[in-house]
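Novice: sequence and predicted structure are below.
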Amino acid sequence: MDTLKRNAMTILWPAFLMAGLLEILVFAMVDPGELHGVGGSPLALSAEALYTLTFLVFWIAISVSGIISSMLSASADEVNAQMDPR
């Protein structure tokens, strides 16, 4: 397995698990049928669609956080080695 795939999986898999946990915690407290949009009108989404969109937003946000942390934890030698065209 090459480095890019390994790094992606070390970020995406834990982010997937945490997004699932966060969704469980959020929807244990919030009823999706009672959510309203900005104008006060009820959302025109089914509960399943809302669960899916929420999970994807959580997963993307947690993944971006992991990517930024991974980039910031790289040493100068690692960054310079990636920039070297050889």
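Specialist: Yes, it's here. Numbering: from 1, shown residues only.
Novice: counting by contacts, list what whichever strand or helix holds residue 54 packs against.
Specialist: Using DSSP states H and E, the element containing residue 54 is helix 47-72. Helix 47-72 sits against helix 3-29, with contacts defined as 3 or more CB pairs under 8 Å, 6 or more residues apart in numbering; DSSP states H and E. The C-beta positions use only the backbone N, C-alpha and C, and glycine is treated the same way.
Novice: so where's this structure uncertain?
Specialist: 1, 84-86 (pLDDT under 70).
Novice: about what we covered before: tell me which helix or strand comes right after the helix holding residue 54.
Specialist: Beyond helix 47-72 in the direction of the C-terminus, DSSP H and E gives the next helix or strand as helix 76-83.
Novice: export that next one as PDB, just CAs?
Specialist: What follows is helix 76-83, C-alpha atoms only, in PDB (Å, rounded to 0.1, in the frame of the first residue of the first chain):
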ATOM      1  CA  ALA A  76      10.300  20.400   7.000                       C
ATOM      2  CA  ASP A  77      12.100  17.500   5.400                       C
ATOM      3  CA  GLU A  78       8.900  15.700   4.600                       C
ATOM      4  CA  VAL A  79       7.400  18.900   3.000                       C
ATOM      5  CA  ASN A  80      10.600  19.600   1.000                       C
ATOM      6  CA  ALA A  81      10.700  16.000  -0.200                       C
ATOM      7  CA  GLN A  82       7.200  16.300  -1.600                       C
ATOM      8  CA  MET A  83       8.100  19.500  -3.300                       C
END
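Novice: distance from it to the middle of the chain?
Specialist: Chain-centre distance of helix 76-83: 26 Å, with CA atoms, centre = their mean, to the nearest Å.
Novice: and the angle from it to helix 47-72?
Specialist: Using axes from the mean of the first three to the mean of the last three CA atoms, to 10 degrees, the inter-axis angle of helix 76-83 relative to helix 47-72 is 110 degrees.
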